[in-house]
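> Fold the following and give me the result.
(chains A and B)
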Number of protein chains: 2
Amino acid sequence: MSDIDTLAINCIRVLAADTVRKADSGHPGAPLGMAPAAHVLFSNMKFNPQDPEWTNRDRFVLSNGHAVALQYVMLHFLGYDLTLDDLKSFRQLGSKTPGHPERETPGVEVTTGPLGQGISNAVGLAIAQANIAATYNKPDFTISDNYTYSFFGDGCMMEGVSHEACSLAGHLKLGNLIAFYDDNKISIDGNTALEFDEDVAKRLQAYGWEVIDVPNADTDVAAISSALQKAKQTKDKPTCIQIHTTIGYGSVNAGTASVHGSPLKPEDIAQLKKKFGFDPKKFFAVPQQVYDYYHKVSAAGAKAEKEWKSLFASYKKAYPKEAAEYERRQSGKLPEGWEKLLPSYTPADPATATRKLSETVLSDLVAGIPEIIGGSADLTPSNLTRWKNAVDFQPPQSGLGEYSGRYIRYGVREFGMGAIMNGISAYGMNLKAYGGTFLNFVSYAAGAVRLSALSGLPVIWVATHDSIGLGEDGPTHQPIETLAHFRALPNLMVWRPADGNEVSAAYKVSLESDRTPSIIALTRQGLPELKGSSVEKASKGGYVLQDPSSTAKLIIVATGSEVSLSVKAAELLEKRGIPTRVVSLPDFFSFDHQSLEYKKSVLPDGVPIMSVEVLTTFGWSKYSHSHFGLDRFGASGKANDIFNKFEFTPEGVAKRGAATVGFFKGSKLLSPLDQPFTSIQ
Amino acid sequence: MSDIDTLAINCIRVLAADTVRKADSGHPGAPLGMAPAAHVLFSNMKFNPQDPEWTNRDRFVLSNGHAVALQYVMLHFLGYDLTLDDLKSFRQLGSKTPGHPERETPGVEVTTGPLGQGISNAVGLAIAQANIAATYNKPDFTISDNYTYSFFGDGCMMEGVSHEACSLAGHLKLGNLIAFYDDNKISIDGNTALEFDEDVAKRLQAYGWEVIDVPNADTDVAAISSALQKAKQTKDKPTCIQIHTTIGYGSVNAGTASVHGSPLKPEDIAQLKKKFGFDPKKFFAVPQQVYDYYHKVSAAGAKAEKEWKSLFASYKKAYPKEAAEYERRQSGKLPEGWEKLLPSYTPADPATATRKLSETVLSDLVAGIPEIIGGSADLTPSNLTRWKNAVDFQPPQSGLGEYSGRYIRYGVREFGMGAIMNGISAYGMNLKAYGGTFLNFVSYAAGAVRLSALSGLPVIWVATHDSIGLGEDGPTHQPIETLAHFRALPNLMVWRPADGNEVSAAYKVSLESDRTPSIIALTRQGLPELKGSSVEKASKGGYVLQDPSSTAKLIIVATGSEVSLSVKAAELLEKRGIPTRVVSLPDFFSFDHQSLEYKKSVLPDGVPIMSVEVLTTFGWSKYSHSHFGLDRFGASGKANDIFNKFEFTPEGVAKRGAATVGFFKGSKLLSPLDQPFTSIQ
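Prediction:
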């Protein structure tokens, strides 16, 4: 180990310890253990802190996100927009240095912390790179060749999502993915012998990964370097560099769980600094040589970007069409006039399942929007997510597809799919990732959906079989709570379109979204094309589908398959002297973002409002005074039999509509939209 | 293969094909392929169809639950209460034979279908058996020695939850667990080469499993039998019997995805019957020899139970105390007077975090209730789930614990933990399984929580760090949507206790529950013991904590840490001329089950009601007219700084309370509990 290596590594250690100590909160153990790996890796990565968005930069994902002090120290050393003062305000409200990595911090690619997801995001970033390279590289022009690197720990490996993503990465032979496994034998409960003694290397080899062992990564910088070089040469499989480290290396409690999640004591930091040749009385002290060293690394990255730009200029001359598309995608703009590709419908069109209408939209869009890349969690023939003549995203040597293919066979891996979509989306290049499964099984991926919403990654879930309407598969597959669950999540659209125009609207708004992901819930069963729907109206999230000839005495608000049902119920009610307005509310999120004036024009004061949706009523009281729904699990049987059993029939709805009008007769009803204050948003 | 083996196996095949055909819905492929394995396994299992609840029976879990026609056919043959007519009403509304296995059907141990969970339930069943055996067996008395068997397929192996559970099973060296992997190379999308080419055997070996290969399980009954015998001899690790089968064996499209999920065509069934020596014109025809054969198997099981009963009678004489406890647990009754173990508190007691109060309750209960078995997903020191002097559930040879230990080190495996808890609970013997993690990460296990609720398994989640009050870890760890998500799920209690008495109430109701699981959300930060709380009142789910001296002009309804906050706000409001009632609502589910009269005595007509909870407001309009909550993600910082930022302070609450009173002045307000009809329940 050269002097500067030693100095830099130990400086990472003491600065990370100071950072956590100052916050009086955080995780010093992994930064102390992984400092050598971080030093070697960042010394060899390609990036430019002056332009953190350069598309061909290497990506780094800290899957063991609690080790974030390590990442902040590195970003600071390398010259990202992160000062010593930012380190001093680690974990304080409003700082650039929150308790786990968040995408908003310059140099942080994805938001991590929830274990297992970072390494899965990394798989997505690697898929994106392989796709971009296969799409835009030309024999003389390597426009894209970046690597994706990740650090992960035992916690990540225990989580199921890491299994899903790593298994798929092996299948896909992603040679551009290199992950460091921090094998430190310690987790929060204590020694991993308590709970986790699987052979991780063997497991990853079973997935098709290369595994390189580094027995002493506390000090053996040469071994880490040589492993990294070897990994970069391995082009046909992902590589895991298994680094054996000592958690909390250098501290008095090194190698124990006590250094995992609490700041080191001041006297421990003092002895640590002394041991590593630093002045124990100085805090946040960085020798100039350390800055000089890392700034040289960054300067090499800046030079690499400059060379890349000049390469791209030549590429632009040789391949103007490809370059124009590349630049358009970099800008985040969809192709001019893409909305014209969206189909629209009239009531003359035949009744169709919305999953089928979704297939039509996707098929129409993929040709014109090259940044769409999608797949299904092994439900392609059910989700109808694959367009005609699609090419699978597969390693070319498999004979099953190409890396330029845009249809991903995710396998039965919903959570992995969600986290991989987040990685694809975070890559940039305007990539629009979608993934199909049954609505009920989006719940398997709840952790990934949450991170899409939290970190503003506009991925799209194609969630078919959206109610008891799926029939015979029964209650294990019929969603009840699912829409409420996801409607309760901030920054997430949850579409449940009622017909073809609403399906087009759902895709339109979802694809235009920069920061808000969406779930599009679709039926298995056929639905009529509605009179009164349009792409434009549905894009508002909620609108008046139809008004009665005289003043409405009742408003029914419904979504998806219950909208056409409500139209039929309104006919019955009209005959019984209850003129009824029908409101379609395909997406709460978009509707909530309309003006209060508009919203109250749809759901005004003075008229009883009844919701109709064949899932939980939970949350509907936000818009309605009475709520017809299913607050129990479903049943196995023919779809129509189940609808009849639960009285989701025109008569069942009309009966409850009449009861609602009777019950509230004489009350001066306020619209539930009337609120004295808004919650914190 | 003997003649009767051949006949029985082919009869399984044609009857399963008829069953799926008659339903015009279902999955014939796996039953055709796995018929030989089912025949061999059930011929060697120990059970008594006349007493499906016999505690020492072998358990069987169909993890690839879509193959349920196979299970129904076997149960029918073996003499369970499942007739040919039940098979004929497969997948029809109200039948005993729903589209996926449900616990309600006699002979079905756990509800499966959502992939990956069945094999994880099996791990839980095996843990339960090991615990019961280590607790009650004596040198001369083997009271418990049953095996747990499972079938699973590629879909299960792709799902992350199977990784979590199988990895833990390997660590725990569960020799009583034997699983058959249906390696048929086909999933819904087509050949598994498209998406899944990991080496499953190698992966399982990496976890510490034994793997036995059966190259031709379509016909080689002898090989399956010998693998099974070998597996039963392997006492120190779980065994996977990897059976290579042909999906849809015998049908014209055997070996392709087309036989997976659709009934075979009538002409295909005709040729199948012909090929197997059955009359193509006869449907649901079972030769008497087949019944005779399987009834002999069942008779052997009945005999085994009889012998076990006589063994137990002797055991009772030799070990009356243990036998009495065993019998009490069989009866499903908790020990007499156990409620007296629950601590209660007065306002004189010091402010304490509810996670700490939970630790006290658990510590008080475990000594008196031997059926409590719990753990944490590697957050023991944070969840405070481990009592003093607890013995870990570990393989004795590890030196880390005993199988009679009742504290499980689940590792960072939330979904696996959830599914394993379901298995433990389904074992019987009144086992009360609890598992700890952060509230936010219960979402990782959403699929398992759903199956607990659907199948009525009263497991308990100890969900600490229940809001932004966790502080510095930041928004990746702070729940927002979580309570709404789980409140929307039918048959689930979601407790958020406000003090010690409410913590005791939460455990009381959760442990008394026969069929309803619960999540108990607990704070990291300290909370005062409240004036007006009691175990009895809180057990109702909601109650008036305090009333003002004059008629209330406002009702604040709150949960958990926001109850004491609301008490302080009520003081401010009282001073400003707004006498305020404070309602604590620790569990929606229990409150909803009170009489309307009681509920309206808590939340009456005519007074504005404001909810206060520092998570999403979604769903609160069910009880309140205005809603103070957090409809955005949290932030990283000191807990108090975050509460201040979002105005969750006495003043912030009081301000909104006053605004609520002003806004609704002059309105004749109805309680949101007033409803013209109830939803379907």
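> Low-confidence regions, the stretch 1-150 of chain A specifically.
Within the stretch 1-150 of chain A, no stretch has pLDDT under 70.
> got the residues of it near chain B?
Taking C-beta under 8 Å from any C-beta of the partner chain as the contact definition, the stretch 1-150 of chain A meets chain B at A:23, A:25-26, A:65, A:91-95, A:98-100, A:102, A:111-116. Any C-beta I mention is one placed from the backbone N, CA and C, and that applies to glycine too.
> what's the strand or helix carrying residue A:297 packed up against?
Assigned by DSSP states H and E, residue A:297 belongs to helix A:288-318. For helix A:288-318, the elements it packs on are helix A:3-23, helix A:29-44, helix A:68-78, helix A:320-331, judged by 3 or more C-beta pairs under 8 Å, 6 or more residues apart in numbering or on different chains; DSSP states H and E.
> Just send those helices back as a markdown table, with mean neighbour count too.
Below are the helices and strands packed on helix A:288-318 laid out as a markdown table (neighbours: other C-beta atoms under 10 Å in any protein chain shown):
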| stretch | mean neighbour count |
| --- | --- |
| helix A:3-23 | 23 |
| helix A:29-44 | 26 |
| helix A:68-78 | 26 |
| helix A:320-331 | 14 |
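> just so I know, which of these lies nearest residue B:440?
Closest to residue B:440 of these is helix A:68-78 (C-beta to C-beta; 17.2 Å).
> ok so, going back, any chance of a PyMOL selection covering the buried ones in the residues of the stretch 1-150 of chain A next to chain B?
Remark: buried members of those, expressed as a PyMOL selection using 16 or more other C-beta atoms under 10 Å in any protein chain shown:
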select buried, chain A and resi 23+25+26+65+91+92+93+95+98+99+100+102+111+112+113+114+115+116
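> just checking, which of the residues of the stretch 1-150 of chain A next to chain B belong to helices?
residue A:23 (DSSP state H).
> Which members of the residues of the stretch 1-150 of chain A next to chain B occur in strands, if any?
Residues from the residues of the stretch 1-150 of chain A next to chain B lying in strands, with DSSP state E as the criterion: none.
> returning to what we had before: how about the helices and strands packed on helix A:288-318 in a markdown table, adding distance to residue B:39?
Below are those laid out as a markdown table (distance: least, C-beta to C-beta, whole Å):
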| stretch | distance to residue B:39 |
| --- | --- |
| helix A:3-23 | 61 |
| helix A:29-44 | 52 |
| helix A:68-78 | 55 |
| helix A:320-331 | 57 |
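> In the helix holding residue A:297, which residues have enough neighbours to count as buried?
So, applying 16+ other C-beta under 10 Å, buried residues of helix A:288-318: A:290-291, A:293-294, A:297-298, A:300-302, A:304-305, A:308, A:312, A:315-316.
> Within range of chain B, give me the residues from the stretch 451-600 of chain A.
Counting by C-beta under 8 Å from any C-beta, the stretch 451-600 of chain A sits next to chain B at A:451, A:453-454, A:471-477, A:480-481, A:484-491.
> For burial, what's the neighbour tally of residue A:140?
10 (other C-beta atoms under 10 Å in any protein chain shown).
> Ignore what I typed, I meant residue A:512.
13.
> Isn't it up against residue A:334?
Yes - the pair residue A:512 / residue A:334 is scored as a contact, 7.3 Å apart, by C-beta atoms under 8 Å.
> Identify the residue of chain A closest to chain B, quick one.
residue A:160 (2.1 Å; C-beta to the nearest C-beta).
> Tell me who's in contact with that residue.
A:116, A:415, B:116, B:159, B:160, B:161, B:162, B:163, B:164, B:413, B:415, B:416 (C-beta atoms under 8 Å, 6 or more residues apart in numbering or on different chains).
> Look up the pLDDT of it for me, please.
Looking at residue A:160, its pLDDT reads 98.
> and if you look at the one 4 residues further on?
Turning to residue A:164, the model gives it a pLDDT of 98.
> returning to what we had before: the residues of the stretch 451-600 of chain A next to chain B, buried ones only, as a PyMOL selection?
Here is the PyMOL command that selects only those of these that count as buried (16+ other C-beta under 10 Å):
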select buried, chain A and resi 451+453+454+471+472+473+474+475+476+477+480+481+484+485+486+487+488+489+490+491
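> Please name the nearest non-neighbouring residue to residue A:504.
residue A:342 (4.3 Å; C-beta to C-beta, 6 or more residues apart in numbering or on different chains).
> Around the one you found, count how many other residues there are.
The burial count for residue A:342: 19, using other C-beta under 10 Å.
> in terms of contact, does it touch residue A:507 like I think?
Yes - assessed by C-beta under 8 Å, residue A:342 is found in contact with residue A:507 at 6.8 Å.
> Identify the contacts common to those two.
If you check residue A:342 and residue A:507 against C-beta under 8 Å, 6+ apart, the residues they both contact are A:361, A:365.
> in the helix or strand where residue A:267 lies, what's buried?
Assigned by DSSP H and E, residue A:267 belongs to helix A:266-275. If you call a residue buried by 16+ other C-beta under 10 Å, then helix A:266-275 has these buried ones: A:268, A:269, A:272, A:273.
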